[in-house]
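K.L.:
Please find the sequence and the predicted model below.
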Amino acid sequence: MSALPPDDMRSLRQTAFAARHPVDAMIARWDAIGRDAARLAGLAHLGAAPASDDATGFVRVLECASDWQRELAWQGVEDITAMLASGMAALEVLAGRGIDARVPALALWREVDAAQRSLLGMLATPVNSETPSAATA
């Protein structure tokens with residue numbers, strides 16, 4: 001019998017799967033970020049805000065990326081996911097208290113949009129055979 005609750009065990013299994021299939025897991029998370037960002041745009045009263053990129057564009061730049069870029073992208077996707085999860089939870093608390101969440105939703109949407117654009121820019125940067133640390137030496 002496990003010492004962990006079932007939800008924690010499920011989370012561990014999902015993490016183990018993601019580790020075996022990192023690119024697939026990253027693409028799935030990127031899609032989830034896009035869906036959450038669309039919900040966030042609605043909370044910010046932006047209307048139908050255009051997505052910063054579709055999954056196909058993300059996959060295309062990911063395929064051309066070097067290993068170090070993929071590692072940074074993985075961390076970036078993790079960071080954006082965490083930012084969105086905590087921000088959406090805070091917005092739900094505000095809405096539950098009857099407080100207008102438009103301004104904080106807009107601020108969060110801008111942060112998420114900037115993070116997505118930065119991540120895509122990093123992935124789209126052409127690389128040579130050197131790593132960033134070797135190029136500065």
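P.N.:
Arrived safely, thanks for sending. Numbers count the residues shown, from 1 in each chain.
K.L.:
Now do the buried residues in stretch 109-125.
P.N.:
Across stretch 109-125, burial judged by 16 or more other CB atoms under 10 Å covers 109, 112-113, 115-116, 119-120, 123. C-beta coordinates here come from the backbone N, C-alpha and C atoms, glycine included.
K.L.:
Closest one of those residues to Phe58?
P.N.:
Nearest to Phe58, judged by CB to CB, of those is Leu120 at 7.2 Å.
K.L.:
Give me the pLDDT for that closest one.
P.N.:
You'll see Leu120 listed with a pLDDT of 92.
K.L.:
How is it assigned, secondary-structure-wise?
P.N.:
helix (DSSP: H, G, I helix; E, B strand; the rest coil).
K.L.:
sorry, back to before: go through the buried residues of stretch 109-125 and say which is closest to Gly96.
P.N.:
Trp109 (19.6 Å).
K.L.:
counting contacts, what elements does the host helix or strand of the closest one pack onto?
P.N.:
Trp109 belongs to helix 102-124 when assigned by DSSP states H and E. Packing partners of helix 102-124 (3 or more CB pairs under 8 Å, 6 or more residues apart in numbering; DSSP states H and E): helix 22-43, helix 55-64, helix 67-96.
K.L.:
Including mean neighbour count, could those helices go into CSV?
P.N.:
Output for the helices and strands packed on helix 102-124, formatted as CSV (neighbours: other CB atoms under 10 Å):
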stretch, mean neighbour count
helix 22-43, 17
helix 55-64, 15
helix 67-96, 15
